[in-house]
Structures are given as structure tokens and as C-alpha cells.
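> What follows is a predicted structure for the sequence shown.
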Amino acid sequence: MTEHLPILQIIVPLISAPVCVLLRRKMLTWAFSLMVSLAVLCMAAMLLQQVLESGPISYALGNWSAPWGIEYRVDVVNAFVLLLVSIIGAVVLLYAPSSVAKEIPHDRHYLFYTAYLLCLTGLLGITITGDAFNVFVFLEISALSSYMLISLGEDRRALTAAYQYLVMGTIGATFILIGIGLMYMMTGTLNMADLSSRLPSMHGSRTILVAFAFLIVGMSLKLALFPLHMWLPNAYCYAPSVVTAFLASTATKVSIYVFLRFVFTIFGVDFAFENLSLSTFLLPLSLIGIFVASTVAIFQTDIKRLLAYSSIAQIGYIMLGVGLVSATSLTGSIVHLFNHAMMKGGLFLAVGCIMLRIGSVDLADWQGLGRRMPVTMAAFVLCGLSLIGVPMTVGFVSKWYLILAALEQGLWPVALLVLMSSLLAVIYIWRVVETAYFQAPADGAAKVKEAPFLMQVSMWILTGATLFFGVSTSLTVGVAQRAAEWLLGGSQ
Amino acid sequence: MNPSTAILVALVLPMLGALLISLTGSRPNLRESVTLATGGILFLVVASIVPSVLDGGRPEVEVLEVMPGLALAFKVEPLGMLFSLVASGLWIVTSLYAIGYMRGHHEKNQTRFYVFFAVAISAALGVAFARNMFTLFIFYEMLTLSTYPLVTHHRSEDAKRSGRIYMGILMSTSIGLLLLGMIWTWHLTGTLEFTPGGILEGKASSTIIGVLLALYAFGTGKAALMPFHRWLPAAMVAPTPVSALLHAVAVVKAGVFTVMKVVVYLFGTDLLSSTGLSIWLMYVAGATILIGSLVALTKDNLKARLAYSTISQLSYIVLGAALANDWGVIGGSMHIAMHAVGKITLFFCAGAIMVASHKTEISDMAGIGRTMPVTMVAFFIGAVSVIGLPPMGGSWSKWYLALGAADAHQNILVAVLMISSLLNIAYLMPIVARAFFIAPNEPPEHEGIHEAPVLCVVALCLTAAGCVGLFFYAGDLYRLLMPIVQP
């Protein structure tokens, strides 16, 4: 049983998705998919534990051994990402029923759960596989299902948002496919481990350079690195709240994982950062991205859009850590991958609760919310403080490592810029706080209740995680440190 | 109680109090009893640590390791002992005062007020007891966040604007400068523990040490060193008990305490005095002292005048730290207590005047000594202490600071201290004179004596008595603080 965990991790949600179509009944499909997601979570936790105890796991699909067959390969890096994706997957599903009932037409609920499980499968598949072409396959599974999830939004603009995402996502995926194809042409293999051992001998090859370029651009599009982020704000803004919370915490994170995997494991640090000095383009783009996105966030009146721009800025932090290429900076990046998922998930869930009760995510309608929905706003403020990077929250831990990494390399202007950008977060979070706590509710604003119990529970799970992992970092930082060392040195 | 346990109890108790206060919110009398009981017990708990510290013990307790090598840990040394005694002792008096004030002034949302007040005290004690810079920073930020709802208590446009300045300056300095300095120190030395003699000696070039000192001194926005002082007058929009305890004692003293602690335990006084790297800081502090006093002269609003006076007085303590010699450190540390008691008295009086006669401008306060004699006598005592004349506690700290400046051969700064005392007289004494010797502009609303609610008067009498008491018990403070400079 345990030796088949890697494949079960994928196959369980994959098979469950069509079952949802057969079940059809709203609550039944929800209960079923919740159970599936909890099972997925258990498997991910077990996998991480196995990897931490006894090193990487290699699993040959159908007993066709690598490099001919498809290999699933779990090491500390992707085990951590698997855990992250499945935590968010389960917590968001727990939250889903009331919010879905409000924001998605009733006859399409089973489709939502089906697409959700498919998307989860895709994201987990991208993460777990050790085969470059398989990455593309799962990328498409997750992307297609997420276009569908986004287009379920009640606002008609959700359709254009989904379409925009589809176009950009397809370009990204195609670029990745071209890159993989070129690599296959040169090496005759698709297995990642095999690729990484064959590529060094052909580093001078122009084809490999082109492959690398296609891959970098394709992945940057998928992970919404500035200035390739244009699809993200609309997608997050018009998707149903549940979908936004799920995608914001997982989709871009998994794309970042793919970036790490291709750049560090397949091409190697020497090729990417010394031969091609990838940092010279990553560092400025991340920093500009952080500042531009944070500044744009300040001027948003739609809270979901505000948080979407904040996400682009946070992706900037993660890629900044990648660009600094040291054990400390990668620790910061990987830990921020996890931390940002927790806090942004918590924020979007809080927004979903408010959407459910007052039916608006426009800042102007949030007047006096501090009194109307105190519990939800408290969660929003706590996660918001984490976005700023206040100590005792996860945001502080990530920033600590990023700044330390910049100082270690003597790049104090970078450290200073990171700190200054936190102040922009103070401004956009505080705008919400001032509206919610200082302005009296508009006349005629109906009295509202807090969101239903399950929504509160999931929101507080993520908010609690935001605080807990800010104080006790042995799990997150401990694993991230090992993952960073693995990426930098132990990959061969 | 075991001193190590006492540390944890002292930190948890106000939190517990805050919880109880919010639960008893619908019954004001019970709620206020909870506040007072918590304050009383807290002071006893803090006081129970004193004997051990006087005996040379340094009780400590480690809660957990947040990141490798960075622990959330507490350790009480003399300076922290002093600050915690001042903060917890004055909390009781302020609670008494707040009950009279908040009820007399018919403030709204009193439960929220008392809850955040208790949380702020817990944060201040965390700053006092922190074993390393990391822990101190955590509680420093907690103090900023927990006082924000207090500063903006009235939820008006004015409160919102002041709240922005308050959060803006305190957050941007602490995140932009202090955090950078802290991570840099960690990068250079691999530790953030407060160590007698400092940790930076020999770890960095003198340029970097100079830059670090600037990051710490300006990054500690709560110390209100110019040009980062604007938040303090802005915070005066808060109800008076907040101004009194937080912006004369807990918050600002947490700031100067941080500067003192960093100079003594991270840089080490020997490093700074031998290299002269802190001379610029002496002059910045000196300038803040004079400019603060001069601006105070121009303010007609009593709370605003006291706010600028606070800015000026805080720099005495920063100056003491920058002098980096025995007298400077002793004088500066002592001034934490002396100024706290003196200034809180003045704020109490300002609030009492506001409650009893609804006056906020000094020009309207002519003849007020006739209707509020007790309050104005207390104001006089507090003023004399802030000026630094015997027989009030404030005279000792200024004495040691002047000694420290002379010891460092900084004659200009000795002169600055003397001029500042004169300026203090110029902006505080006219208030007293006007109250007693000038006839009121218009006939008072109330015939005869009309004081503030009795709890307010009791509180301000207690702190006025404290000013006198500290003059005679300064020797005990000296004995408590001596080990800082001569371990």
C-alpha cells in the first residue's frame, strides 16, 4: 500500500472527478469530494514523512522502469509542495458549500466539484511527476479545469477573464511544450533525472539555449512573473470566491515549483545562473514587479483585485529569492511559497465570507464592516498583518530570510527595497482597515450575520496557520532549508 | 514565586485580564474591578522579581525557538527591571484615573479601551523583559498595533488622520530601519542576544557600526528622535489616560529603553566611547532637546505643549545612551523613571482640567487654580520635577546626565542641558502662574472649588507624591542600575 502512495495521490482524485458527475446531488458531491480531498491530504502528509525519513522515492508507473517508462519522483521539494496543495485543497472544500450555493447556479454544482477535483489532480500531477512531458499533460489538465472553474463566476465578465486566461495559459503551455520538445530532440529522453545527466554535455548547443528560453518564458507566464502577469487580476477578480482562494494559493505556487524544478534540477545552477546569468533578469523583474504591483494594489477599489495585485507582488518576493541563488534565499522563497498560500488563502476566504453576507467586494460597501462582521474582519486583519510582515506572523519569517539573503551577498539596496515594499503593503491593507473600522455603515445597510460555521472554521484554519507557522517554524523552515539544499547541491 | 515563572505570569496576566475585561464588558463596575485587580496583582508579580535582580540574579526563561538561533526568550536585568516596575506601577494609578476620566467624560466603547490598554501593558513588559533584540522587536511591534485602536479611540476623521501618522511613522521606521539593522546585526554576529559589553566589537568596520547605530537610533521611532517625532503630537488625539500612560510612559519609554538597551548590550559602551561613533547621535539628541522645548513654547494647547516637552525629554535619555559612559547611562536610565512619574502627573492634570472645566487651551486657563487647587498644586510639583529642581526626582537624572556630558568633555551638551532646563521653566511655569495669579477671563461656571472626579484627583496626587518620593529614594534606583555599567 505505502509503496503505491505516489500513484494513489494522483489516481484517487482523478477517478473521483467523474464520479461526481454520476452522483449529481449537491451535498452528496460535496461530501464525496471533501472525503477525497482529505484522503489526498493524508497521502501527501505520509509522503512527506517518508521522504524526510528515508530520502527520495522513485515510483515506476506500470513497472516500466525509467527512463523509458514514466517515473514519479518525490523528493523533499515536491513533497512539501504536494502537502501545501492538498492542505489548501481540503480546507477550501470544507469552506465551499455555502459560498458555492451563493455564487454558482444550482444546476452546475456537480460540475464545480468535478472541475475542482480535476484541477487538484492536475496540480498534484505536475508536482509529483519526474517526467518532463508528463508535466505538460498535467499542466493542461489543471489549466483546462481552472478555465472552467473561473467561468463559473456569476459575473459575465468571468467569461472574458477565463478566455483571457485561456489564451495566455495556452501560450505559456505551448512555450513549455516547445521547450520540452527541443530538449527531447537533443537528448532523446523526457525523464528529468536522465535529462539532467545528459544536458551538461551539450550546454553550448544553440538548441538547448532556445529550449531554455522557451521554457523560462512559458513558466514565467504561468507563474505570473511581472510583466507576464496580465491574465491574473481578472481571473482572480471574477472567479467565484472559492475558486479564487484555491487558485491563488496553489496554481501559481505549483508553477513556481515547476520553474525551480526545471532550472535547478534539469538545467542546473551552473548553466542557468553562471553561464546564462538568469539572475540579471530575474532580480530586476521581481523587484519592479513587487513595486509596480503593490502600488497598483493601493489604488484598487475592488478587494479581490487588490489582493490579486498583492499576489503578483508576493510572487515577486518568491522569484527574488530564486534570483539570489543561495541556500538562505531559496529557503526564503520556498517558505514564502507555503506562507503566502496560507495568508492569501485566509484573506480570500475572508473575502468570500463577506461576499456571502453583503454580496459585494467593493471597498465602498465595506464601510463599518468591523462592527457588522467582527470575526471575519479580525481574520482579514490578521492575515493582512502577515502580508505586511509583522513579527509572529508567517510573512515576517519569509521576509527575514529574503533580507538576510540579500545582506549575505552584500546587496543591501535589495534588502532596503524589500523593506520599503512592505510599507506599500501597509498602505493597501490599512485602506481596508480604515474603511471597515472608521466609517459608519451606509444608511439602510442591513444587519448581517457572520458567515456559516464551516466557512468560519476553514477561514480560521488558514488564519491560525498564518499565526502558528509564524511562531513555530521548525516544520516550514526546516523543510524549506532541506529543500533549498537539495535544489542547490543534492539533485544529482 | 520563582522569578522565572514570575516573568511568564507577568506577561500572561494582562492578556488574561484583557480577556476577562471583554467578557465582563456589559457590567462596568465588575469590568473596572478586573482592571484594577489585574493591575494590582501584576505589580506584585513584577515586584517579586526585584530581590533576585538586586542580588545579582538574572532570571530568564526561554519560551520557544522561532527560527534556528532566534528564540522568544526573556531575561530580567536592571534596566528592564526598572522599566517594568515603572510601567506596571503606573498602570494601576492610570487605571484609577481612567475610570474617573472615562466616566466623567462619557467616553464610548470603554470595554475596547480597557482591553487594548491591558494588551499594551503586556507588550510593554515584553519589551522590558526581552532577552534578545528579536524578542524585543516582536513586542515593540505588538505595542504599536495594540495602541493603534487606543489612539484612534474616537473614530473621527481627526482620529483617522492621526492614526495614519502614528502607524505610518512607527511602522515605516521599525520595518524600514530597525528591522534592517537587526537582520544586519544577525548577519554580522550570528546572535541577537543582549550581552553585557556588547556583541559588535570587532565584527564590523567602524563605518558599518556607525550606520548600524543610525539604523537603530532612528529605527526606534518610539524614541521620537527628530525628524521622526511627528507621531507623538499626533497621538494626542487619544483620550488623556492613553496620552498619560502610553505617550508619557509605556510607548515612548519602550522606545528610549530600546535605544539604551541596544547601546549598552549590543554595541557596548566601550566600543562607542572609544571610537567616538556616537558623537553625532549626541548632537542629534541635543538638537531634539532644544527644538522640542522651543516648539513647546509656541503651543497653546496644553496636551500639545506636553507632547513636545516629552519629545525633548526623551532625547535626554537618548543623549545619556549616546554619551556611552557610566554617568550618561545611569542618568539616562534613571530619567526613564523620573520623567515617567513627572510627565504622567502633568498629563493627568491636563485631563482633569478637561473633564472638570472642558478647557484645553492654556490661554483659557487663567485663574483655574482657584477652582481646581489640588490639581494645579500637583501640576506644579510635576512641572518642577520635569524641570529638574530639588526636591523632586527629576533633579537627580539631570544631575547625572550633566556629569556624563562633562565626563565626555562635551561642554556644548552640558550647556544644552542647562538651557533646556531654562526653557522648561519658560513653558511650564507660566501655566502655574496663570492658574493661580491671574483672574479668570470670564466668571467660572461653578462657584467655589470644582475638581475632577475623585478617582482622577487621587491618581494625580499619588503620582505627584511619587515625584517627591523619588528624590529621596533615588539611592535605591542608583543601586539597582549600577550593575549595568559596572558588572
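Looks like it came in fine.

> From the contact counts, what lies against the host helix or strand of B:Leu96?
Assessed by DSSP states H and E, B:Leu96 sits inside helix B:78-104. Contacts defined by 3 or more C-beta pairs under 8 Å, 6 or more residues apart in numbering or on different chains; DSSP states H and E place helix B:78-104 against helix B:28-47, helix B:50-54, helix B:110-129, helix B:240-245, helix B:251-261, helix B:326-357, helix B:454-472, helix B:474-485. (Glycine included, C-beta is placed from N, CA and C.)

> Can you name the next helix or strand after the fifth one?
So the one you mean is helix B:251-261. With DSSP H and E, the next secondary element past helix B:251-261 is helix B:269-275.

> Next one: A:Glu53 relative to chain B, how far apart?
21 Å (C-beta to the nearest C-beta, to the nearest Å).

> Which element, helix or strand, includes that residue?
Going by DSSP H and E, A:Glu53 is in helix A:26-54.

> Summarise which helices and strands that helix is packed against.
helix A:5-23, strand A:57-60, strand A:71-74, helix A:76-103, helix A:109-128, helix A:474-488.

> Next, format those as TSV and append mean pLDDT, mean neighbour count and distance to B:Asn441.
Putting the helices and strands packed on helix A:26-54 into TSV (pLDDT from 0 to 100; neighbours: other C-beta atoms under 10 Å in any protein chain shown; distance: least, C-beta to C-beta, whole Å) gives the following:
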stretch	mean pLDDT	mean neighbour count	distance to B:Asn441
helix A:5-23	89	19	81
strand A:57-60	87	17	87
strand A:71-74	89	23	83
helix A:76-103	90	25	63
helix A:109-128	92	26	73
helix A:474-488	88	20	66
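
> Next, the buried residues of stretch B:431-440.
Within stretch B:431-440, the residues that qualify as buried are B:Ile431, B:Val432, B:Arg434, B:Ala435, B:Phe436, B:Pro440, counting by 16 or more other C-beta atoms under 10 Å in any protein chain shown.

> Tell me the pLDDT of residue 340.
This is for chain A. pLDDT recorded at A:His340 is 93.

> nope, chain B please
For B:Ala340, pLDDT reads 90.

> What sits closest to it if chain neighbours are left out?
B:Val249 (4.6 Å; C-beta to C-beta, 6 or more residues apart in numbering or on different chains).

> tell me the contacts of residue 13?
Let's take chain A. A:Val36, A:Ser37, A:Val40, A:Leu117, A:Leu118, A:Leu120, A:Thr121, A:Leu124 (C-beta atoms under 8 Å, 6 or more residues apart in numbering or on different chains).

> try again with chain B
B:Thr38, B:Ile41, B:Leu42, B:Val45, B:Ser122.

> That one is in what secondary structure piece?
helix B:3-23.

> quick check: angle from that helix to helix B:110-129?
Relative orientation of helix B:3-23 versus helix B:110-129 (axes from the mean of the first three to the mean of the last three C-alpha atoms, to 10 degrees): 170 degrees.

> what's the distance between A:Gln314 and chain B?
With C-beta to the nearest C-beta as the criterion, A:Gln314 and chain B are 16 Å apart.

> Spatially nearest residue to that residue (excluding sequence neighbours)?
A:His340 (4.7 Å).

> where's that neighbour relative to A:Ile312, distance?
11 Å (C-beta to C-beta, to the nearest Å).

> Next: B:Glu62.
39 Å.

> In space, what's closest to the residue of the stretch 101-250 of chain A found nearest chain B - neighbours in sequence excluded?
Going by C-beta to the nearest C-beta, chain B is nearest to A:Phe226 of the stretch 101-250 of chain A, at 22.5 Å. Of all residues not flanking A:Phe226 in the chain, A:Gly289 sits nearest, at 2.8 Å (C-beta to C-beta, 6+ apart).

> What parts of chain B come near chain A?
Residues of chain B that fall close to chain A, judged by C-beta under 8 Å from any C-beta of the partner chain: B:64-68, B:72, B:137-138, B:141-142, B:145, B:152, B:155, B:159-160, B:163-164, B:167-168, B:171-172, B:175-176, B:179-180, B:183-184, B:186-187.
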